[in-house]
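> pasting the sequence and the predicted coordinates here, then a few questions.
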Amino acid sequence: MRLSVSESIAGTVIDCLEFARSGSVLERSIGLDELPRLADVLVATTGFLSVRLEGWRDEKGKSWLEVDIAGEPVLCCQRCLGGVKYPLAISSRLQLMAPGEEWPDDDLADDSADAIEAEKALAVLSLVEEEVLLALPIAPMHEQCEPPAGGSAEHGPSPFAALAALKKH
């Protein structure tokens, strides 16, 4: 059974293991304004992210989620404080770990996938927001930009100018 939906994702909750078992697919568009934790690092919350979530089971019976997210949020440049478009193309493979199932050893596991707890009520919006936050750079910057001008004439004389005059006496 394949499920494909194209409407708002807010409030969408899935049973992870059932989603993977049935080979379901969820495709939605998310407004950046629907992601409150992400909004803290954005210059503007206008725009959308395209999200595709696909579940499947492999030949060993393990359950998986594939999360694909694309978009171009505008982050705050840490050098000039202006907006910088950051192209996102996230593709994450998540192994679903059922309650009581032994978790893979981090030292021996394949680095191309992460393991998460299989929840009966996984909020898709929270999963997407977490994946986006993990993919963003720590200090986004333009390739070339000028830092903001400090102490310009439009702000008047420096409050430390009087101290410089006292130092000369």
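Now that the structure is in, tell me what you want to look at.
> residue closest to the middle of the chain?
The chain has residue 132 as the residue nearest its centroid, 1.1 Å off, counting by C-alpha atoms, centre = their mean.
> can you say which helix or strand has it in it?
helix 124-135 (DSSP states H and E).
> C-alpha coordinates for that helix, PDB please?
Only the C-alpha atoms of helix 124-135 are listed here, as PDB (Å, rounded to 0.1, in the frame of the first residue of the first chain):
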ATOM      1  CA  VAL A 124       6.300  14.700  11.500                       C
ATOM      2  CA  LEU A 125       6.800  18.400  11.900                       C
ATOM      3  CA  SER A 126       9.100  17.900  14.800                       C
ATOM      4  CA  LEU A 127      11.200  15.300  13.000                       C
ATOM      5  CA  VAL A 128      11.500  17.600   9.900                       C
ATOM      6  CA  GLU A 129      12.500  20.600  12.100                       C
ATOM      7  CA  GLU A 130      15.100  18.600  13.900                       C
ATOM      8  CA  GLU A 131      16.600  17.300  10.700                       C
ATOM      9  CA  VAL A 132      16.800  20.900   9.300                       C
ATOM     10  CA  LEU A 133      18.400  22.300  12.400                       C
ATOM     11  CA  LEU A 134      21.000  19.600  12.400                       C
ATOM     12  CA  ALA A 135      21.900  20.400   8.700                       C
END
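> begin at 24 from here
All right, first residue 24 from here; so that's helix 147-158.
> surely residue 76 and residue 92 touch.
No. Distance between residue 76 and residue 92: 9.3 Å, which falls outside the contact criterion (C-beta atoms under 8 Å). Bear in mind the C-beta positions are built from the backbone N, C-alpha and C, glycine included.
> in the protein, where is pLDDT below threshold?
24-33, 129-133, 170-179, 192 (pLDDT under 70).
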